[in-house]
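Student: I would like to see how this sequence folds:
(chains A and B)
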Number of protein chains: 2
Amino acid sequence: MLSIWAPDGIGEIREGADLTGIVADAVRGYIEDGDILLITSKIVSKAEGRRIAAADREQAITDETVRVVASREHPNGVTRIVENRLGLVMAAAGVDSSNTPDGTVLLLPVDPDASARVLREGLRARFGISVAVVITDTVGRPWREGQTDIAIGAAGIRVVDDLRGQTDASGRPLTVTVAAVADELAGAADLVKGKASGRPVAVVRGLPHLLTEEDGPGARALVRGPEKDMFRLGSDEAYAAGFEAGRAARTEPRA
Amino acid sequence: MLSIWAPDGIGEIREGADLTGIVADAVRGYIEDGDILLITSKIVSKAEGRRIAAADREQAITDETVRVVASREHPNGVTRIVENRLGLVMAAAGVDSSNTPDGTVLLLPVDPDASARVLREGLRARFGISVAVVITDTVGRPWREGQTDIAIGAAGIRVVDDLRGQTDASGRPLTVTVAAVADELAGAADLVKGKASGRPVAVVRGLPHLLTEEDGPGARALVRGPEKDMFRLGSDEAYAAGFEAGRAARTEPRA
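Tutor: Reported below is the predicted structural model:
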């Protein structure tokens, strides 16, 4: 049996807020050793002062972009899917202008894995328990409608559950072997936290085998680099690059 | 509070098995009105007789393929990411050879939304309750390591939770507006069902607002068609198509 609970009572988070203290107050009396705490990156960013003045949201996106993966124009502007400095491929590089006053935007935490470690250590210090911490953000996916939450920061948890070498119920080797459990947890928590409910934190109980003693490699280990990825570039962008290369062949001397 | 429970005691499923009866026996005494039942497509396929003789697994994949999205050679063969007849983009078209005797493969259900409706109606008839049913399968994702479960069939559930028009805690419109809740549920259930545990069914309790009276459009509504998708073709494949088109420009008469 797994349970997920999302406390209310976490109000607006201001820059410099004692996030660990606020979260600890919200989960006090409930959280136990072996639980997994999930927290929306938005409030981590706010506490860490990642709200910046940005007259031009597009420029803020450009500043956060390491590599443009795909872009498409539509009547209201341009959607840009980019890889940001965390290696995450997401729309608008993770720059959020929906939860901030006009003229400002909210960037992702500088190092969400580090933020997760700080929260984990803070909860250990306060309550004397060992929990895992996962920081989440919302992304779109190729081929699927709608968005889901994924893990962008993590501490104290096996972010993938590697089943290679195990067998199914009939004794045959499992071909699907690496479950992205931190992403599945992020999505599960989103079902309870919701986007509009003012509940940015959730506690998952019932998966103690996923917890680790060490902080571990964090959510960074869930990032697949472009060199390994079959979709490192949007279809239109790859086609255009191929077209240019093909046309350039015209200028080569002919045999 | 959300809870997820995965009963044990569901053994090997044979062709022609009374799947509704088997599932009903497993959840009897627990399942309630408003619950969401998630079931691994593998056992739906087995009950529906979707195990076929296939001396050549590659040919079986080809037969299930509507459109090749990307492929890559590696030392053990070729990985093919394809769109299958359900509109799902997945490796090997969803053809599974890990859970079947040698010389056979397991195909996906012919119509997983219809299978979900049959299960829903069967549970209503047996227990006099209204539940939602989601049929799941496991997929890889661009840009992320590891696999997650998604919804490939559904009945009685809002597969996306459309938040457009709602506001966040501070009154600003939500920009991320359509949560793919059926996929988040599939991933959440996978955390409990597991791949190796012999628990192919899970019951989620605590999200009654996602249930609908009608069967609804099913998981098909989560499929984004290639015409809308920025990643309808793998990067290498799109590049190659562009290169050919660019080179063909050589043969055009020059001004």
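Student: And the strands in the stretch 51-200 of chain A, which stretches?
Tutor: Under the criterion DSSP state E, counting those that start in this stretch, the stretch 51-200 of chain A carries strands at the ranges A:51-53, A:65-74, A:77-84, A:89-91, A:104-106, A:132-141, A:144-155, A:161-162, A:178-179.
Student: and A:Lys42, what does it touch?
Tutor: Applying C-beta atoms under 8 Å, 6 or more residues apart in numbering or on different chains, one finds that A:Lys42 lies in contact with A:96, A:99, A:106, A:200. From N, CA and C alone the C-beta is placed, and that goes for glycine too.
Student: The helix or strand where A:Gly246 lies and chain B, any residue contact?
Tutor: According to DSSP states H and E, A:Gly246 maps onto helix A:235-248. Yes: counting by C-beta under 8 Å from any C-beta of the partner chain, chain B is contacted by helix A:235-248 at A:235-248.
Student: of those, buried ones?
Tutor: Those of those that meet the buried threshold are A:235-243, A:246-247, by 16 or more other C-beta atoms under 10 Å in any protein chain shown.
Student: Is it possible to get TSV of those residues that adds pLDDT?
Tutor: Listed next are those as TSV, based on pLDDT from 0 to 100:
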residue	pLDDT
A:Ser235	97
A:Asp236	97
A:Glu237	97
A:Ala238	98
A:Tyr239	97
A:Ala240	97
A:Ala241	97
A:Gly242	97
A:Phe243	96
A:Gly246	95
A:Arg247	92
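Student: which of these sit farthest apart?
Tutor: A:Ser235 and A:Arg247 (18.5 Å; C-beta to C-beta).
Student: Go through stretch A:25-35 and flag the buried ones.
Tutor: A:26-27, A:31, A:34-35.
Student: before we move on, back to that, closest one to B:Gly87 out of the residues of helix A:235-248 next to chain B, please.
Tutor: Nearest member of the residues of helix A:235-248 next to chain B to B:Gly87, counting by C-beta to C-beta, is A:Ser235, at 17.0 Å.
Student: and the closest one, what is it in contact with?
Tutor: Contacts of A:Ser235 by C-beta under 8 Å, 6+ apart are A:70, B:229-235, B:238.
Student: what about 7 Å?
Tutor: Neighbour list for A:Ser235: B:230-233, B:238 [criterion: C-beta atoms under 7 Å, 6 or more residues apart in numbering or on different chains].
Student: Which pLDDT value goes with the closest residue to chain B within the stretch 1-150 of chain A?
Tutor: Closest residue of the stretch 1-150 of chain A to chain B, C-beta to the nearest C-beta: A:Gly146 (3.0 Å). A:Gly146 is assigned a pLDDT of 95 by the prediction.
Student: mean confidence for stretch A:162-176?
Tutor: On average, stretch A:162-176 scores 65.
Student: OK, contacts around A:Ile129?
Tutor: Residues counted as contacts of A:Ile129 (C-beta under 7 Å, 6+ apart) are A:31-33, A:123.
Student: switch to 10 Å and redo it
Tutor: By C-beta atoms under 10 Å, 6 or more residues apart in numbering or on different chains, A:Ile129 lies in contact with A:31-35, A:123.
Student: try A:Ser97
Tutor: Here A:Ser97 is in contact with A:54, A:57, A:60-61, A:103-106, B:172, B:175 (C-beta under 10 Å, 6+ apart).
Student: A:Arg247 now?
Tutor: A:Arg247 is in contact with B:242-243, B:245-250, counting by C-beta under 10 Å, 6+ apart.
Student: The residue of the stretch 1-150 of chain A closest to chain B and A:Pro208: what is the separation?
Tutor: Per C-beta to C-beta, to the nearest Å, A:Gly146 is found 31 Å from A:Pro208.
Student: and the two? which has more neighbours close in?
Tutor: A count of neighbours by other C-beta atoms under 10 Å in any protein chain shown puts A:Gly146 above the other of A:Gly146 and A:Pro208, at 22 against 13.
Student: Mind pulling up the pLDDT for the nearest residue to the more buried one once chain neighbours are set aside?
Tutor: Leaving aside its sequence neighbours, A:Gly146 sits nearest to B:Ala180 (C-beta to C-beta, 6 or more residues apart in numbering or on different chains; 3.0 Å). pLDDT for B:Ala180: 97.
Student: count of neighbours near B:Ala180?
Tutor: Based on other C-beta under 10 Å, the number of other residues close to B:Ala180 is 26.
Student: you'd agree it is up against B:Ala186?
Tutor: Yes: between B:Ala180 and B:Ala186 a contact is recorded at 9.5 Å, counting by C-beta atoms under 10 Å.
Student: okay, and for chain A, where does confidence drop off?
Tutor: For chain A, applying pLDDT under 70 flags the ranges A:167-176, A:195-196, A:251-255.
Student: show me what contacts the residue nearest in space to the middle of it?
Tutor: Nearest to the mean C-alpha position of chain A, by C-alpha atoms, centre = their mean, lies A:Ile152 at 2.9 Å. When contacts are counted by C-beta under 10 Å, 6+ apart, A:Ile152 touches A:41, A:44, A:84, A:86-88, A:90, A:94, A:108-109, A:112-113, A:115-116, A:134-139, A:182-183, A:186, A:218-220, A:222-223.
Student: Which members of the contacts of A:Ser97 are classed as buried?
Tutor: A:54, A:57, A:60-61, A:105-106, B:175.
Student: A:Ser45 sits in which helix or strand?
Tutor: Following DSSP H and E, the helix or strand that holds A:Ser45 is helix A:41-47.
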